[in-house]
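**Student:** I would like the atomic coordinates for the input below:
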Amino acid sequence: MNARILVVEDEDKLRRVIQLQLASSGFEVVQAAAAEDALQAALSVDLILTDLRLPGMDGLKMMESLRQRGVTAPVVVMTAFGTVESAVEAMKAGAVDFLPKPFSMDHLTTVVSKALEVRALREENRALRQQLGARYDFTSIIGESPAMRAILDNIIRIGPNRSTVLLQGESGVGKDLIARAFHYHSPRRTRPFVKISCTAIPENLMESELFGYEKGAFTGATAAKPGKFELADTGTVFLDEIGDVPLSVQVKLLRVIQEREFERLGSNKTRQVDVRVIAATNVDLRKAIQDGSFREDLFYRLNVVPITIPPLRDRKQDIPPLVERFLKKFSEELGSAVSSISPEAMRVLTSYHWPGNVRQLENVIERSMLFSEGSRLEDGDVRLDGISAGSAAATEEHFLPEGMTLDEYEQAIIREALRRAEGNKSQAARLLGLSRNALRYRLTQMGIES
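**Tutor:** Here you go, the predicted model:
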């Protein structure tokens, strides 16, 4: 749909020229020769282009009247009396841009297009904020179990504070969702939320990614670049898989959390930053301290508010409402006829041990709905990653292969992860749910580090 523009100009000839120019650019144009005539028309337009000098009510008074009426369309002002004072006054009154007469028609089209783009971005941002509020509102976090209810209570109690939070739990339990809920239920909710996946950043780039760098700091640094902490200033930083941060960077991380200051790579200038830190890990950081791969002082700085998110197998009362949520979600996204689940299929899901937790459950529901041919999900439709309910139960009964010790079984799993990752240790660590440092420690014990 073409944008609808209101042109308010008392000079008939100029108003007609502007109308022809904008119409030729694909816009729908509404005209008014006076501010009084424009007030009603402004209620149904996407942008207002107005002269400041008008008969009767002038452009500035018209803008004030529009604001009182709740009109949100952006305003671009034009005037032959284009002094700095006029421009400042118009911008203070809410104008998004200023066109001094005379102006070229090409310039007019550019300014109008830019103002409409800004409006579209603001509308998109408003919609995203509404979606964010809906997603991280507690109505979207399934928590029927006592453990999850306690976590939601902690979000309400601790969310408004600046205290550092350490989220602990297996992969797939929803640490990202909980971290964002903390941000949303805090005074920083309108400020940036910057997620840093520590596993995904190569070790040699982590310092520059976190703290930024100056031009010439290293080969290829052709311009200065702010780091994630700068981008998150006044907001929240979410350090996902904090156990993967190298020891050399942990020292600087401790400083920025403790002192709220840092230097960019290649700079001696100390920068101040105001961020709330939420960290997450799926490994035992106390064990990592013993292994020498994690600093004890950083751990205690992060561990101000420790929250452990239990695995799905320990809160099976959450499975039915989660299943219902995912059925509704994928019914809409996939256009699937499946809208319910049989008691037998639900029993299959609640009896499974869910090593991949909520993320795995979501994937299973999506896959099962794709293969289902009816309107109800039956037990035969459930696809547990290629594992039947019977074999899953057998796996829980015989959790170690016959004749293998725990150490031998662990080494076999590590070798299989390396094979699947084609020797890439970072990828193998992700498959195993370990930090890179923890995997290296185990490889050293196995004598295959090199």
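**Student:** Thr199 belongs to a helix?
**Tutor:** No. Going by DSSP: H, G, I helix; E, B strand; the rest coil, the assignment for Thr199 is coil, not a helix.
**Student:** 28 is where my numbering starts, stick with that
**Tutor:** With the count now opening at 28, the last piece we talked about shows up as Thr226.
**Student:** how many neighbouring residues does it have?
**Tutor:** Look at Thr226: counted by other Cβ atoms under 10 Å, it has 18 neighbours. (C-beta placed from N, C-alpha, C; glycine too.)
**Student:** so where do the strands sit in this structure?
**Tutor:** 31-35, 55-59, 74-78, 102-106, 124-127, 192-195, 220-224, 263-267, 288-290, 297-299, 303-308, 332-335, 367-368, 403-404 (DSSP state E).
**Student:** which residues of the stretch 28-177 of the chain score low on pLDDT?
**Tutor:** 28, 108-111, 114, 152-167 (pLDDT under 70).
**Student:** any chance of the strands of the chain in JSON lines, plus distance to Gly319 and mean neighbour count?
**Tutor:** Converted to JSON lines, the strands of the chain look like this (distance: least, Cβ to Cβ, whole Å; neighbours: other Cβ atoms under 10 Å):
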{"stretch": "strand 31-35", "distance to Gly319": "66", "mean neighbour count": "23"}
{"stretch": "strand 55-59", "distance to Gly319": "69", "mean neighbour count": "18"}
{"stretch": "strand 74-78", "distance to Gly319": "62", "mean neighbour count": "25"}
{"stretch": "strand 102-106", "distance to Gly319": "62", "mean neighbour count": "24"}
{"stretch": "strand 124-127", "distance to Gly319": "59", "mean neighbour count": "17"}
{"stretch": "strand 192-195", "distance to Gly319": "20", "mean neighbour count": "22"}
{"stretch": "strand 220-224", "distance to Gly319": "23", "mean neighbour count": "18"}
{"stretch": "strand 263-267", "distance to Gly319": "20", "mean neighbour count": "25"}
{"stretch": "strand 288-290", "distance to Gly319": "25", "mean neighbour count": "16"}
{"stretch": "strand 297-299", "distance to Gly319": "30", "mean neighbour count": "13"}
{"stretch": "strand 303-308", "distance to Gly319": "17", "mean neighbour count": "25"}
{"stretch": "strand 332-335", "distance to Gly319": "22", "mean neighbour count": "15"}
{"stretch": "strand 367-368", "distance to Gly319": "48", "mean neighbour count": "19"}
{"stretch": "strand 403-404", "distance to Gly319": "49", "mean neighbour count": "20"}
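**Student:** so which of those strands is nearest Asp180?
**Tutor:** Proximity to Asp180 (Cβ to Cβ) singles out strand 332-335 among those, at 10.8 Å.
**Student:** about what we covered before: looking at the strands of the chain, spot the one closest to Tyr240.
**Tutor:** Per Cβ to Cβ, nearest to Tyr240 of these: strand 288-290, 10.0 Å.
**Student:** what are the pairing partners of the closest one, and which direction each?
**Tutor:** strand 297-299 (antiparallel) (DSSP bridges).
**Student:** touching the partner strand from outside, list them.
**Tutor:** 257, 287-291 (Cβ atoms under 8 Å, 6 or more residues apart in numbering).
**Student:** related to what we said a few turns ago, could you dump the strands of the chain into a markdown table with distance to Asn231 added?
**Tutor:** Formatted as a markdown table, the strands of the chain follow (distance: least, Cβ to Cβ, whole Å):
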| stretch | distance to Asn231 |
| --- | --- |
| strand 31-35 | 52 |
| strand 55-59 | 55 |
| strand 74-78 | 48 |
| strand 102-106 | 48 |
| strand 124-127 | 44 |
| strand 192-195 | 26 |
| strand 220-224 | 16 |
| strand 263-267 | 18 |
| strand 288-290 | 18 |
| strand 297-299 | 22 |
| strand 303-308 | 22 |
| strand 332-335 | 31 |
| strand 367-368 | 48 |
| strand 403-404 | 47 |
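**Student:** test my guess that Leu325 contacts Val283.
**Tutor:** No. Using Cβ atoms under 8 Å, Leu325 is not in contact with Val283, being 10.9 Å away.
**Student:** Lys356: which of the contacts of strand 297-299 is nearest?
**Tutor:** Glu257 (35.5 Å).
**Student:** what's the closest residue to that closest one other than its chain neighbours in contact with, if anything?
**Tutor:** Of all residues not flanking Glu257 in the chain, Gly239 sits nearest, at 5.8 Å (Cβ to Cβ, 6 or more residues apart in numbering). Neighbouring residues of Gly239 by Cβ under 8 Å, 6+ apart: 251-254, 256-257, 291-292.
**Student:** farthest-apart pair in those residues, please.
**Tutor:** Maximum distance among those (Cβ to Cβ): 14.8 Å, for Ala251 and Phe256.
**Student:** how near is Gly254 to Ser235?
**Tutor:** Plainly put, Gly254 is 7 Å away from Ser235 if you go by Cβ to Cβ, to the nearest Å.
**Student:** neighbour count winner among these two?
**Tutor:** Gly254 (22 against 19).
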